[in-house]
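1. when you get a sec, could you give me coordinates for this:
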Amino acid sequence: CSIGNKICCMIIDSGSCANVASTTLVTKLGLPTTSHPKPYKLQWLNNGNQLKVTHQVLLSFSIGKHYNDEVLCDVIPMDACHLLLGRPWQFDRSVIHDGRKNTYTIKRDEKRLY
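-> From the prediction side, this is the model:
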């Protein structure tokens, strides 16, 4: 995906209960953050240590030439990727994953994007 004209690593993960952006991405691109309205602790991202989620960022990103989107993400330190889109994004966009083809269908404005 692209964020601010920079190529970024993205994971779509139906096992994640949150949309998250890495602190590295936010810092390097100088993106403004806001305080999280309900800070919470995450444990699943690293080896047993809990991470306190205290900030959010509103990210505009694109996938290819035809899909642009904006998503509110929790900001945490992570090495797996820059942007992790979890179940909240998938639900809001009516995303359908075809496991055999390893493709995603995103329904937006009554159009299907692949």
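2. now do stretch 13-21: everything it contacts.
-> Applying C-beta atoms under 8 Å, 6 or more residues apart in numbering, the contact partners of stretch 13-21 are 31, 42, 45, 53, 57, 59, 71-76, 78, 82-90, 97. Any C-beta I mention is one placed from the backbone N, CA and C, and that applies to glycine too.
3. can you map out the helices along this structure?
-> Per DSSP state H, the chain carries helices over the ranges 23-29, 87-92.
4. where does this protein have low pLDDT?
-> Applying pLDDT under 70 to the chain flags the ranges 44-48, 108-114.
5. again, only this time at 50
-> Along the chain, segments meeting pLDDT under 50 are nowhere present.
6. any idea which strand is longest in it?
-> strand 51-63 (DSSP state E).
7. which parts of that strand are buried?
-> Using 16 or more other C-beta atoms under 10 Å as the test for burial, strand 51-63 gives 51, 53, 55-57, 59, 61.
8. for it, packing partners?
-> Under the contact criterion of 3 or more C-beta pairs under 8 Å, 6 or more residues apart in numbering; DSSP states H and E, strand 51-63 touches strand 2-3, strand 33-42, strand 67-76.
9. quick one: closest of the ones you listed to residue 24.
-> Closest approach to residue 24 among these (C-beta to C-beta): strand 67-76, 10.1 Å.
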